[in-house]
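1. this is a predicted model, with the sequence first.
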Amino acid sequence: MPSNKELISTLSPLERKVLPFLEKPIKDIQKSTGLDETSVIRALKFLENKKLVKLTFVKRRVIELGVNGAHYKKNNLPERKLLEALEKHNHISLEKASKVSGLSENEFKASLGALKRKAFIELANNKIILMAKKEEIVKKFPEERLLEDLPKEYDSLMPEEMYAFNSLKQRKEIVELIEKTDLHKELTNSGKDIQAEFLENSQANLVEEVTQEIIKAGGKNIIFRRYDIQAPVPKIHGGRRHIVNQAVEYAKNIWCDMGFQEIEGPLVDTAFWVFDALFTAQDHPVREMQDSFYIEGMEGELPQETLVKKVKSAHEKGVEGSRGWNYEWNEKEAQRVVLRTHTTSISARKLAQVDKTNLKFFTIGKVFRNETIDWSHSIEFYQTEGIVVNNDATLRHLFGYLNEFYNKMGFKKIRFRPSYFPYTEPSVEIDVYHPERQQWLELGGAGILRPEVTTPLLGKPIPVLAWGQGLDRIIMDIAKIKDLREMYENNLKNTRQKTIWLPKK
Amino acid sequence: MANVTFPLRDIEKAISLNEKVIEEINMFGTTVESLTKEEICLEVPANRPDLLSMQLFIKAFKTYQGKEHASQHKINHSLKKTYTINVNKNVKPIRPYTACSIVKNLDLKEENIKELIYLQEKLHATIGRQRKKSAIGIYPLDKISFPIRYESRKPSDITFIPLGSTQEMNASQILQRHPAGKAYAKLLNGERFPIFVDAKNNILSMPPIVNSQETGQITSQTKDVFIECSGKDKNVLHQTLNIIVATLAEMGGAIYAVTIKDEITEISPNLSPQTLKTTKENVEKLLGIKMTEKEMQTYLKRMGHEYSKGKVHVSPWRTDILHEVDLIEDIAIAYGYNRIIPDIPKIATSGERLKKSTLRSSIIENLVGLGFLENSSLHMIKTEEAKIMNIQHPLKVSNSRTEYTILRPNMLIPLLRTLSENTNVEYPQKLCEIGRVFAKDDHTETGIREEEHLVIALTPSNFTEAKQTLDYLLRFLNVNYELQDMTSKPFISGRAGSIIVNTHNIGNLGEIHPQTLHDWGLKLPLALIELDLEEIYKLLE
């Protein structure tokens, strides 16, 4: 609990203006402070947050003048006009009365009814006979008195007023019953204390802003108004990196830390680099139209002939010590142009360029699959790809690099399962354990490139460790995104609200 | 990869499942996808179609566990008579090859028949490539007479009652009316269709569609069967046949050879093992683990291979073994992937980000500092979007399963999509993205040029704010530029310019025309910059 003094020093200028007059009705507070109603109410709410006043909202019903009511109040009710006309011309016909009274048809009908109910007139032989006595005529109707008194509390109506209200209510827009909410305020005990102390020491000239003058004067002997630091503030929006790119940056830096050089390459490539250079037989299902995005009407160029011949021969007859796929390799099939289905095409291109060993490369980029889009499938996603070219590379090393990377991505338990890919042998599937969901997440494949891949590309069968795993599932998991579609839908509200992407340590 | 489902009752007769054994099945390379009270579903890798057979899976897994030895299937040669299949040259342009066998002395139970039909389906779907590469037919031996002819005829000359039907149909009717006919009609589109015909001139089947009802139905009374596989790839035919034959042998049958008289005459099935070489040194070098030759022999045995003195004999259905490395993988599986301890070699290499990749991040981070949100969009645009923006010569993908069909020609379109999908989100909206765009270009390997573009969008905004942003960014990058008047859609003429760097036109900026805003359902003024970064990368490298 702050002391009274502290509390007083947190009062805003608005609150301080209002505080001395808290016992008064709101209208009077407005007068005394010169503030408008909204400001007074805002100040009261601030004070309520500090528990200095207790605010209650009370509903009440008020009778107010309607549009016609305001007019009649000024120009008399129609029945008064009719009565005055009848005073001058007694025993006249309805038609004539209507004319001389100057009332509209509706007004005239209503007036006749009203005067009849009061027994001021009688109708005989289509003539109006005035029955009221002079003193009755001079006296104001209850309806007239009510109109003059409006606005008036519904609950405070006397029986006669209630009668007048009910009769006027049946006529068009003369009176209106309106529900109003009143703000009742009551000083709490601490409110009374604070008010008393405040009035006593209102000399406490609290400083609101640090001004240039105050700084010039050296800022001595100044008491600043204390802020309510718990008070909520309006939200602001700044610029942000996309959550997926935050994650991609993070992963790229891990590979760099582990001594890998970044490489990049085309998203659209020939089937030669995406499939053939990776010993994927030309009738392998992955190459079929329904799974990959081929570009219509495009035919690519193959690389230099010597390499193409070596790849062809690897497919048809194998390399040294291998049988190959035993079919006729078709150059045209390799020339088809396709959106890469994996980043391994980039590794294949790199391997065809290098002329030494002990190299480590990585790339992180989009890959494409011809899927229908749903919560767990997208037509494109990120893959994290790496190769290690080394005469002494082993399966243990492959496990080592992947283990290290996924550890750094926040997964402590990693499992390697036997798997199959046309271009690696041994082949591995990597799973990471998800401690919250208590299940293994399947991330993707890895392996040691087959001699049928390395011999044509490198000239000799050097062991090359290679991997390419989808990154999106991990990104989603760490970002607590449940639906894959959310990743690339660019909902700006979400982008603005997403918290920092950071793996658990 | 293919999933197979086996009845749990049948599996549990041979393998008692518990948590440890399930993990062993995973580490055998056949991941348990699901396990219910009735069924177990396994993911079988594409190189092991033999494991699609429950019989062969059980045998292989128990061998892997060290509880059994791999079977050596013997081929019997019939003394009483020879079974001959004559292949007519007229099938060569259609479905050129067949591989056949006979299996006798079967005692098939209902579940065996179900299993066989299931295996047939799975083999058709996987290595058979939907019956294109190989299709299987199985016939009760007592219903057919040898020699059998594999030949082709005109569809009108082929008439028989297809399996599951009561009426005789001709080939065209079968393709139109029979369920299998309808499903695989596209595989037979020539003037002649292939058939198997027996010595009594009964049509046994019309591969790869359907068998005859009269000669092509296996029941629990069937003791002896004739099996044919037909297709285009001889290797696959023999692999398929061997898997079927081995499965029947595991069910208790005896394999008998047939003679296939084709361009060359051969005895089928061919169950002679393939022989490859391997050495302990090669295994140790590739896996990074130590073992004795004896251990290596044990590991090979557990995977169904025989090893002696550097030579490995491989089961005839393991046609996935192309090279020594395939054997080394099998050794690793038998050794246990979970026993291989991860290790990083202590050889230093120096890691490095690509300059481009670093620059890309710097540019985006600089814009984020100005309050821009980074966008990340798909590389394809919708057909409708290309139409609205009047894109000439779109680069289309074939057979897209979604409305995204065209490689994006610019970054403007994905940004307009984002803006149009966020009209209910608080403004102002400031967006930026770097991404690849695609254009036809005969001078590239694929005929398609990829460029990296930066796009910046501000709304509600105007030319001045866009130019301020460009100016801020290019000053940061230390790149000099000038603007030239430009009249081009979708910009407002007189409020747009080309960005010139080093005499190259590298992009545009300006206010977007209200007609385009209207087309995209946007209600506030939009200023936009699109910039080719390749020239800037060149300048900075």
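-> Yes, it's here.
2. look through chain A and state the residue closest to chain B.
-> At 2.8 Å from chain B, residue A:394 is the closest residue in chain A, using CB to the nearest CB. (C-beta placed from N, C-alpha, C; glycine too.)
3. strands of the stretch 101-250 of chain B, start to end?
-> Here the stretch 101-250 of chain B has its strands, by DSSP state E, counting those that start in this stretch, at B:134-140, B:148-153, B:159-160, B:169-170, B:193-197, B:203-206, B:210-211, B:225-231.
4. okay, now the unreliable bits of the chain?
-> Defaulting to chain A. A:1, A:202-204 (pLDDT under 70).
5. that was the other one, I meant chain B.
-> Checking chain B against pLDDT under 70 turns up B:79.
6. domain parsing for it?
-> B:2-65, B:75-268, B:274-338, B:355-540 (automatic domain parsing).
7. how about the nearest residue to whichever residue of chain B sits closest to chain A, chain neighbours excluded?
-> Residue nearest to chain A within chain B (CB to the nearest CB): residue B:288, separated by 2.8 Å. Excluding the flanking residues, the one nearest residue B:288 by CB to CB, 6 or more residues apart in numbering or on different chains is residue A:394, at 2.8 Å.
8. that neighbour and residue A:464 touch, don't they?
-> No. Applying CB atoms under 8 Å as the test, residue A:394 and residue A:464 come out as separate, 11.7 Å apart.
9. of the two, which one has the most company?
-> It is residue A:464, of residue A:394 and residue A:464, that has more neighbours when counted by other CB atoms under 10 Å in any protein chain shown, with 25 against 21.
10. next one: phi and psi at that one?
-> phi -120, psi 120 (degrees, to the nearest 10).
11. just to revisit the earlier point, okay if I get the domains of chain B as JSON lines plus mean neighbour count?
-> JSON lines is the format used below for these (neighbours: other CB atoms under 10 Å in any protein chain shown):
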{"stretch": "domain B:2-65", "mean neighbour count": "18"}
{"stretch": "domain B:75-268", "mean neighbour count": "19"}
{"stretch": "domain B:274-338", "mean neighbour count": "19"}
{"stretch": "domain B:355-540", "mean neighbour count": "18"}
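12. circling back: in contact with the residue nearest to residue B:288, which residues?
-> Residues counted as contacts of residue A:394 (CB atoms under 8 Å, 6 or more residues apart in numbering or on different chains) are A:463, B:285-289, B:343.
13. and it, how far from residue A:255?
-> To residue A:255, residue A:394 is 20 Å away according to CB to CB, to the nearest Å.
14. repeat for residue B:42
-> 34 Å.
15. please identify which helix or strand holds the closest residue to residue B:311 other than its chain neighbours.
-> What sits nearest to residue B:311 in space, not counting adjacent residues and going by CB to CB, 6+ apart, is residue B:275, at 5.6 Å. Following DSSP states H and E, one finds residue B:275 within strand B:274-277.
16. export that strand to PDB, keeping only CA atoms.
-> Provided in PDB are the C-alpha atoms of strand B:274-277 (Å, rounded to 0.1, in the frame of the first residue of the first chain):
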ATOM      1  CA  GLN B 274      23.300 -63.000 -56.700                       C
ATOM      2  CA  THR B 275      26.900 -62.900 -55.500                       C
ATOM      3  CA  LEU B 276      28.600 -59.700 -54.400                       C
ATOM      4  CA  LYS B 277      31.900 -58.900 -52.700                       C
END
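17. can you list the strands that that strand pairs with?
-> strand B:311-314 (antiparallel) (DSSP bridges).
18. from the chain's centroid, how far away is the partner strand?
-> 29 Å (CA atoms, centre = their mean, to the nearest Å).
19. contacts for the next helix or strand after that strand?
-> For strand B:311-314, the following helix or strand on the C-terminal side (DSSP H and E) is helix B:324-335. Residues from elsewhere that reach helix B:324-335, judged by CB under 8 Å, 6+ apart: A:321, A:395, A:418, A:425-427, A:448, A:450-451, B:27-29, B:47, B:64, B:276-278, B:282-283, B:286-287, B:289, B:291, B:296, B:298-300, B:302-303, B:305, B:312, B:314, B:320-321, B:340.
20. now residue A:199: closest residue in space that isn't a chain neighbour?
-> residue A:20 (5.9 Å).
21. helix/strand/coil for the one you found?
-> Secondary structure assignment for residue A:20 (DSSP: H, G, I helix; E, B strand; the rest coil): helix.
22. so it makes contact with residue A:197?
-> No. The criterion here is CB under 8 Å, and residue A:20 misses it with residue A:197 at 11.7 Å.
23. follow-up on the earlier one: will you turn the contacts of residue A:394 into CSV that also has distance to residue B:95?
-> Shown next, in CSV, are these (distance: CB to CB, whole Å):
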residue, distance to residue B:95
A:463, 41
B:285, 45
B:286, 41
B:287, 43
B:288, 47
B:289, 47
B:343, 51
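24. can you list which of those are found in helices?
-> Among those, DSSP state H puts B:285-287 in helices.
25. circling back to that earlier point, the residue nearest to residue B:311 contacts residue B:309, correct?
-> No. Residue B:275 is beyond contact range of residue B:309, at 11.5 Å (criterion: CB under 8 Å).
26. just checking, residue B:337 touches residue A:429?
-> No. Assessed by CB under 8 Å, residue B:337 is found out of contact with residue A:429, at 9.4 Å.
27. which residues are in contact with residue 474?
-> In the absence of a named chain, chain A is used. A:247, A:409, A:411, A:432, A:441, A:443.
28. actually chain B
-> The neighbours of residue B:474, taking CB under 8 Å, 6+ apart as the test, are B:480-481, B:501.
29. that one: which element?
-> helix B:463-476.
30. C-terminal to that helix, what's the next element?
-> Counting by DSSP H and E, what follows helix B:463-476 is strand B:482-485.
31. output the contacting helices and strands for that next one.
-> Here strand B:482-485 touches strand B:491-501, going by 3 or more CB pairs under 8 Å, 6 or more residues apart in numbering or on different chains; DSSP states H and E.
32. relative to helix B:463-476, how tilted is the strand it packs on?
-> If you take axes from the mean of the first three to the mean of the last three CA atoms, to 10 degrees, strand B:491-501 sits at 10 degrees to helix B:463-476.
33. partners of strand B:491-501, with directions?
-> Checking strand B:491-501 against DSSP bridges gives partners strand B:482-485 (antiparallel), strand B:504-512 (antiparallel).
34. what's in contact with it?
-> Taking CB under 8 Å, 6+ apart as the rule, strand B:491-501 contacts B:463, B:470, B:474, B:479-488, B:505-514, B:528-529, B:531, B:535-536, B:539.
35. stretch B:89-97 too?
-> Here stretch B:89-97 makes contact (CB under 8 Å, 6+ apart) with B:87, B:150-152, B:188, B:190, B:192-194, B:207-208, B:230-234, B:237, B:262.
36. 7 Å - rerun?
-> With CB atoms under 7 Å, 6 or more residues apart in numbering or on different chains as the test, stretch B:89-97 has contacts from B:150-152, B:190, B:192, B:194, B:207, B:230-232, B:234, B:237.
37. using PDB, write out every CA atom in it.
-> Coordinates of each C-alpha in stretch B:89-97 appear next as PDB, following Å, rounded to 0.1, in the frame of the first residue of the first chain:
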ATOM      1  CA  LYS B  89       6.400 -62.400 -81.200                       C
ATOM      2  CA  ASN B  90       3.200 -60.400 -81.600                       C
ATOM      3  CA  VAL B  91       3.100 -59.500 -77.900                       C
ATOM      4  CA  LYS B  92       6.500 -57.700 -78.300                       C
ATOM      5  CA  PRO B  93       5.100 -54.200 -79.100                       C
ATOM      6  CA  ILE B  94       2.500 -54.500 -76.400                       C
ATOM      7  CA  ARG B  95       3.600 -56.300 -73.200                       C
ATOM      8  CA  PRO B  96       6.800 -58.100 -74.300                       C
ATOM      9  CA  TYR B  97       7.800 -60.400 -71.400                       C
END
